[in-house]
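> Any chance you could fold what I've pasted below:
(one chain, ligands or ions: 1)
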Amino acid sequence: MPAPKLSSSARVPLASASPASSKSTPSPAPSTKPKPLDMFATKEGAPSICTFDLHPRAGQAALKAAGLFKEFQKYSRPEGEAMKLIQPDDAPKEFDGEGLDRPEIDRVKLRDILLDSLEEGTVKWGKKVMRVEPDPSARANTPSFSPTSQPRRPSISSSARTSGITSIELWALDVDAKNPWLSEYIGKGSCFMFDEGRALQCQRQGTGACGIDFANPSETTRQEMVDKYWSDCSTDVKRVILSAKDELIPRKLYMLSVGIQWKSKLGVTLLGDAAHLMTPFAGVGVNVSLADAMDLAKAILRRKASVVAKVRSDGYNIGVAVEEYEKIFERGRMNAEKTRKNLGLHFSEKGGAEIAGRLSAHAEAMAKGDGRH
Ligand SMILES: Cc1cc2nc3c(=O)[nH]c(=O)nc-3n(C[C@H](O)[C@H](O)[C@H](O)COP(=O)(O)OP(=O)(O)OC[C@H]3O[C@@H](n4cnc5c(N)ncnc54)[C@H](O)[C@@H]3O)c2cc1C
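Residues are numbered from 1 along each chain as shown. Next up, the predicted model:
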């Protein structure tokens, strides 16, 4: 009798201990162990300040599938869904986010929930994947999926390009104690301003910090920045930028081409940002990444459960599962397209009005029970 395939010793190496890779093998499959590698020396080395809202059908669904939803609920912040939209010189428009069901969670908390769910020692910290090559021994008994049975070449030739946007991230730590005005002004969730050629995105973190995407080389530079780009704005807007003094991190934002696809290649696939890197302007990156991870894990489990899998090699079976998973292209394209559209809108004069309209419409749809996504 042939040994059951996709065996308990099957290994799925994953580059990185990120949201996507640490959940690519869900808890119902403890026997198919992931072995994520991460180039950070320790988990504490990973960037920590950032907050994500997890959507019901993507991030939340993935955590449910992995049996981690209760843990998520312990640390998520439904009150973080509140949003205040400000115009350069206008009164703010506030949304409480009620009914959206997109609670926020700090990146560091989400990372800990995911990493703590893995067996001790699963992640090899401080290891960097330099290249991926076929294993000659595996190739000998693993059929190729190409019609010609020729070894296939990697077919993703496209690389990330800059989106043209540089975000300048400013941190104000422990705002409640150190800067009550800023704490009050930003509120419990997000406070955004979108305008022609500029955007200000402030978000409260569960740690009591406020991150403001818009570095602190010096007070003079900060003031010069305000004078150059924000001089026509209200005193409050200028005060927000001038009072976030704890850290400065400039980030060039990169993206992959919208709708990128590749030919399935035995032994390797991509998920998360590696598959469809986009700018953060639709706030969907981590959601799409977690949904990818869930779909890949489900495809592997489905294959594992199939009768025919038992007579094929692990390599072949994983290849079948990967091809099944790679139907994600459409989801990546739709979200990247939405993000590209938002990028244009956010940096336009009507950016604030547009997002206010979208939030109102979304809240209405939710009230009618047809807006969940
Ligand atoms: C400023 C900002 C704000 C954002 N806000 C939001 C938001 O509000 N909502 C949202 O949904 N998304 C948001 N995103 C996007 C979100 O952070 C990403 O989409 C998400 O983290 C992607 O997860 P990932 O697992 O694919 O990749 P990452 O989280 O980038 O993880 C990649 C990992 O791979 C490791 N790695 C890289 N190369 C190698 C290698 N060669 N060998 C080994 N390890 C390697 C890295 O160390 C890292 O740990 C934001 C992004 C930014 C930059």
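
> who's the closest residue to residue 360 other than its chain neighbours bridged to?
Nearest non-adjacent residue to residue 360, counting by C-beta to C-beta, 6 or more residues apart in numbering: residue 95, 7.9 Å away. The C-beta positions use only the backbone N, C-alpha and C, and glycine is treated the same way. Taking DSSP bridges as the rule, residue 95 bridges to residue 83.

> Just the pLDDT for residue 95.
We have a pLDDT of 78 for residue 95.

> contacting residues for it?
82, 83, 84, 85, 356, 359, 360, 363 (C-beta atoms under 8 Å, 6 or more residues apart in numbering).

> Tell me the one of those nearest the ligand?
Of all the contacts of residue 95, the ligand sits closest to residue 83, with 12.0 Å by C-beta to the nearest ligand atom.

> That closest one contacts residue 193, correct?
No - the pair residue 83 and residue 193 does not pass the contact test of C-beta atoms under 8 Å, sitting 11.6 Å apart.

> picking that back up, how close does the residue nearest to residue 360 sit to residue 277?
Distance, residue 95 to residue 277, using C-beta to C-beta, to the nearest Å: 29 Å.

> excluding its backbone neighbours, what's nearest residue 282?
residue 339 (4.1 Å).

> number of nearby residues for residue 248?
Using other C-beta atoms under 10 Å, residue 248 is surrounded by 16 other residues.

> per-residue confidence for it?
At residue 248, the pLDDT value in this model is 75.

> Residue 218 too?
At residue 218, the model reports a pLDDT of 54.

> Longest strand in this protein, by number of residues?
strand 161-172 (DSSP state E).

> strand partners of it, parallel vs antiparallel please.
In the sheet, strand 161-172 lines up with strand 210-213 (antiparallel), strand 247-255 (antiparallel) (DSSP bridges).

> Pass me the low-pLDDT residue ranges in the chain, would you?
The chain contains residues with pLDDT under 70 at 1-37, 39-48, 90, 99, 135-158, 208-221, 370-373.

> could you redo the last one with a cut-off of 50?
1-6, 17, 25-32, 139-157, 215-217, 372-373 (pLDDT under 50).

> Spatially central residue for it, please.
residue 286 (1.9 Å; C-alpha atoms, centre = their mean).

> residues from the stretch 101-250 of the chain in reach of the ligand?
Applying C-beta under 6 Å from any ligand atom, we find that the stretch 101-250 of the chain lies next to the ligand at 128, 129, 167.

> Buried members of those into PyMOL, please.
To isolate the buried ones among these in PyMOL, judged by 16 or more other C-beta atoms under 10 Å, type:
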select buried, resi 167
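
> Of the residues of the stretch 101-250 of the chain next to the ligand, just say which sits nearest to residue 263.
Of all those, residue 129 has the smallest distance to residue 263: 20.5 Å, by C-beta to C-beta.

> re the thing from before, next, format the contacts of residue 95 as TSV and append distance to the ligand.
Output for the contacts of residue 95, formatted as TSV (distance: C-beta to the nearest ligand atom, whole Å):
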residue	distance to the ligand
82	15
83	12
84	16
85	16
356	18
359	15
360	20
363	19
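
> Quick one: buried ones out of those?
Buried subset of those (neighbour count, 16+ other C-beta under 10 Å): 82, 83, 84, 85, 356, 359, 363.

> now for the residues you listed, which pair is the farthest apart?
Pairwise distances across the buried ones among the contacts of residue 95 (C-beta to C-beta) peak at 14.8 Å, for the pair 84 and 363.

> got the contact list for residue 76?
So residue 76 contacts 54, 103, 104, 105 (C-beta under 8 Å, 6+ apart).

> Kindly recompute the last result at 7 Å.
If a contact means C-beta atoms under 7 Å, 6 or more residues apart in numbering, then residue 76 has 103, 104, 105 as its contacts.

> How about residue 291?
Neighbouring residues of residue 291 by C-beta under 7 Å, 6+ apart: 58, 61, 62, 331.
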